[in-house]
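Novice: Structure, please.
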Amino acid sequence: MSNIRRDILSELLKEFDLPQVSILLGPRQVGKTFLLKELVKAAKKRQLRSSYYNLELPGDNLKFNQDMAGVYKMLTANTDVIFIDEFHYYPNISKLFKAIYDSNQKIKIFASGSSSIEIHKHLKESLAGRRLITRINPLTLTEHAQKNKIKNPAKILNEYLVFGGLPGLVHADSKENKIRLLNELLETYIQKDIKSLLKEENIRAFNNLLYLLAERQGSLISIHSLANEIGLTSRTVEKYLT
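Specialist: Here you go, the predicted model:
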């Protein structure tokens, strides 16, 4: 299976020479981990000492199960570049990034994480002037066309419009598998990301809103009419849309 070269990679490679903390933000399955590992390869080619952690993996997460001073010492020992995938699993990690940046040890940090509202706020407050945020989007139509070496991307426009540009879908070998992957992704969003944002609120109502919006994409919608159909207040629907 051939990899698709992401256009954004060339911009990220330039950040090796910049002191700020480089942060890749984006939704699930959009290719953040892939890009981070490409940057790891680039660090090796530059003969830079590097360390890589994926905080979604129990083993790596366990290494961070100590006080911040201990984590700081672990990360900054004998290294030039630190790579942290799914950084949002470590509470207040922006304070750790700030401490490393302010230490003047010339250690570069690349980190990737979810693009949730809470994370954006946290990074903005704690790392002002010390961060470079890159928002990772799904594949462009041209990137999508790389999979089958299609010279004219317009030939796959219909497929792209129906299924979107998530990298995992490009490698799915049938329409049924694409639909299954999208359903699994949707379920993960609802049960993990959305649920954490809505706390104890009405997940079922949010789910109904999601499907109503999907049915009416491209059309004008009324918050008041959506609220009546779902059985929520207009204020709640407006918050869910945000």
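Novice: And the strands in the chain, which stretches?
Specialist: Secondary structure of the chain by DSSP state E: the strands cover 21-25, 50-54, 81-85, 108-113, 131-135.
Novice: export those strands to TSV and tack on distance to residue 220?
Specialist: All C-beta atoms are positioned from the backbone trio N, CA, C, and that covers glycine. Rendered in TSV, the data for the strands of the chain read as follows (distance: least, CB to CB, whole Å):
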stretch	distance to residue 220
strand 21-25	30
strand 50-54	43
strand 81-85	40
strand 108-113	35
strand 131-135	27
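Novice: need those in TSV with mean neighbour count and mean pLDDT, can you?
Specialist: Output for the strands of the chain, formatted as TSV (neighbours: other CB atoms under 10 Å; pLDDT from 0 to 100):
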stretch	mean neighbour count	mean pLDDT
strand 21-25	23	94
strand 50-54	18	96
strand 81-85	23	96
strand 108-113	24	94
strand 131-135	16	91
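Novice: Low-confidence stretches in this protein?
Specialist: Applying pLDDT under 70 to the chain picks out residues 1-2, 115-125, 148, 196, 199-201.
Novice: Report the separation between the residue nearest the centre of the chain and residue 165.
Specialist: With the centre of the chain defined as its mean C-alpha position, the nearest residue by CA atoms, centre = their mean is residue 26, 2.7 Å away. Residue 26 sits 12 Å away from residue 165, going by CB to CB, to the nearest Å.
Novice: okay, and the common contacts of these two?
Specialist: With CB atoms under 8 Å, 6 or more residues apart in numbering applied, the overlap between the contact sets of residue 26 and residue 165 consists of residue 137.
Novice: List of residues touching stretch 23-30?
Specialist: Residues lying outside stretch 23-30 but in contact with it, judged by CB under 8 Å, 6+ apart, are 12, 32, 35-36, 87, 110-115, 119-120, 123, 131-138, 166-168, 185, 188-189, 193.
Novice: Stretch 167-187 now?
Specialist: Contacts of stretch 167-187 with the rest of the structure, by CB under 8 Å, 6+ apart, involve 1, 4, 28-31, 34, 138-139, 144, 147, 163-164, 166, 210.
Novice: and of these, the nearest to residue 61?
Specialist: residue 28 (17.8 Å; CB to CB).
Novice: and that closest one, how many neighbours does it have?
Specialist: For residue 28, the neighbour count with other CB atoms under 10 Å is 14.
Novice: ok, and the closest non-adjacent residue to residue 94?
Specialist: residue 126 (3.6 Å; CB to CB, 6 or more residues apart in numbering).
Novice: Likewise for residue 93?
Specialist: Computed as CB to CB, 6+ apart, the closest residue to residue 93 that is not its neighbour in sequence is residue 87, at 5.2 Å.
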